[in-house]
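1. kindly return the folded structure for what I paste below:
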Amino acid sequence: MAMTGTASGTGISGGGRTGSATASGGADARRVRGREHARAAARAAALLPRATAEIARADGKAAVLLAGTGTVLGAVLAGVAAGTWTPARLDVRVAWVWWVGCVASLAAVGCLSAVVYPRLPPKGHRPQGPVLYFGDVAGFASPAVLDAALARRDTGVDPQVTELWHTARIAHAKYLLIRRGLWLLLIAAACCTASVLGHVVLRSLQGGA
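-> Numbers count the residues shown, from 1 in each chain. Predicted structure coming up:
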């Protein structure tokens with residue numbers, strides 16, 4: 001009987017030690033995850049200003065390109081309005097190249113305008129994730145509703161990490177639009193220049209004949 005009691009006591013003690021070790025291991029894992037989340041949040045806080053600066057830089061580049069494109073298009077339209085020059089004077093064999101360039105330039109203006117166009121949430125927007133910017137805040141019906149949402153919302157991801165992700169995606173989309181706009185501007189310039197030079201060459205060949 002004494003041996004049985006001793007064995008039973010040993011089993012209980014061993015089970016207690018196992019449970020304690022499991023709890024200690026779980027606590028250690030939580031501490032490690034906490035430190036990892038803290039490092040991620042600190043890194044996101046350091047990167048967020050850079051991503052925000054890239055958005056401002058992209059807007060500035062698009063604004064400069066839009067201003068330059070507008071100046072060129074304005075000069076062409078002024079010449080047409082004054083009657084000093086018109087695309088209708090181009091040789092029909094190269095006139096279509098000019099119009100391809102015009103279409104490309106308008107598409108470029110569209111891409112560059114999309115870069116600086118204000119991005120607002122749709123009407124009736126109700127944020128489902130963390131509240132990140134003024135569009136999310138404006139989606140709540142009252143300050144009380146916003147206060148309740150801020151108090152209860154916890155996605156498990158640090159808000160700065162989420163904001164960095166969204167900000168970086170916006171910057172990436174803007175730069176993609178700028179790249180497309182630049183390629184379209186190059187195509188437009190090449191087409192318009194080629195059409196004018198082609199017209200001059202064709203007329204000179206006709207004159208020589």
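2. in which helix or strand does residue 49 reside?
-> Under the criterion of DSSP states H and E, residue 49 resides in helix 2-82.
3. what about residue 144, neighbour count?
-> Counted by other CB atoms under 10 Å, the residues lying close to residue 144 total 9. In this view, the C-beta of every residue, glycine as well, is placed from N, C-alpha and C.
4. host element of it?
-> According to DSSP H and E, residue 144 maps onto helix 143-152.
5. and that helix, which residues are buried?
-> By 16 or more other CB atoms under 10 Å, the buried positions in helix 143-152 come out as 146, 149.
6. equivalent analysis for stretch 66-83, please.
-> Applying 16+ other CB under 10 Å to stretch 66-83 flags 66, 69, 76 as buried.
7. list the contacts for the most centrally placed residue in the chain?
-> In the chain, the C-alpha nearest the mean C-alpha coordinate belongs to residue 170, at 1.9 Å (CA atoms, centre = their mean). Going by CB atoms under 8 Å, 6 or more residues apart in numbering, residue 170 touches 55, 119.
8. same thing but at 6 Å, please
-> By CB atoms under 6 Å, 6 or more residues apart in numbering, the contact list for residue 170 reads residue 55.
9. which SSE is it in?
-> Element membership of residue 170 [criterion: DSSP H and E] is helix 159-208.
10. for that helix, what is the distance to the chain centroid?
-> Its chain's average C-alpha position is 19 Å from that of helix 159-208, according to CA atoms, centre = their mean, to the nearest Å.
11. and that helix, what's its mean pLDDT?
-> On average, the pLDDT along helix 159-208 is 90.
12. quick check: pLDDT value at residue 84.
-> On the pLDDT scale, residue 84 gets 79.
13. swap in residue 28?
-> Per-residue confidence (pLDDT) for residue 28: 63.
14. same check, this time on the one 3 residues further on
-> You'll see residue 31 listed with a pLDDT of 68.
15. over to residue 3?
-> 45.
16. ok, back up a step: how about the helix holding residue 144 as PDB, C-alpha atoms only?
-> This file holds the C-alpha atoms of helix 143-152, laid out as PDB (Å, rounded to 0.1, in the frame of the first residue of the first chain):
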ATOM      1  CA  PRO A 143     -18.000  60.600 -32.800                       C
ATOM      2  CA  ALA A 144     -19.600  58.100 -30.400                       C
ATOM      3  CA  VAL A 145     -19.700  55.400 -33.000                       C
ATOM      4  CA  LEU A 146     -16.000  56.200 -34.000                       C
ATOM      5  CA  ASP A 147     -15.000  56.000 -30.300                       C
ATOM      6  CA  ALA A 148     -16.700  52.600 -29.900                       C
ATOM      7  CA  ALA A 149     -15.000  51.300 -33.000                       C
ATOM      8  CA  LEU A 150     -11.600  52.500 -31.900                       C
ATOM      9  CA  ALA A 151     -12.100  50.900 -28.500                       C
ATOM     10  CA  ARG A 152     -13.200  47.500 -29.700                       C
END
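17. neighbours of the closest residue in space to residue 171 that isn't next to it in sequence, how many?
-> Distances taken as CB to CB, 6 or more residues apart in numbering put residue 54 closest to residue 171, at 4.2 Å, once the chain neighbours are dropped. Neighbour count for residue 54, taken as other CB under 10 Å: 17.
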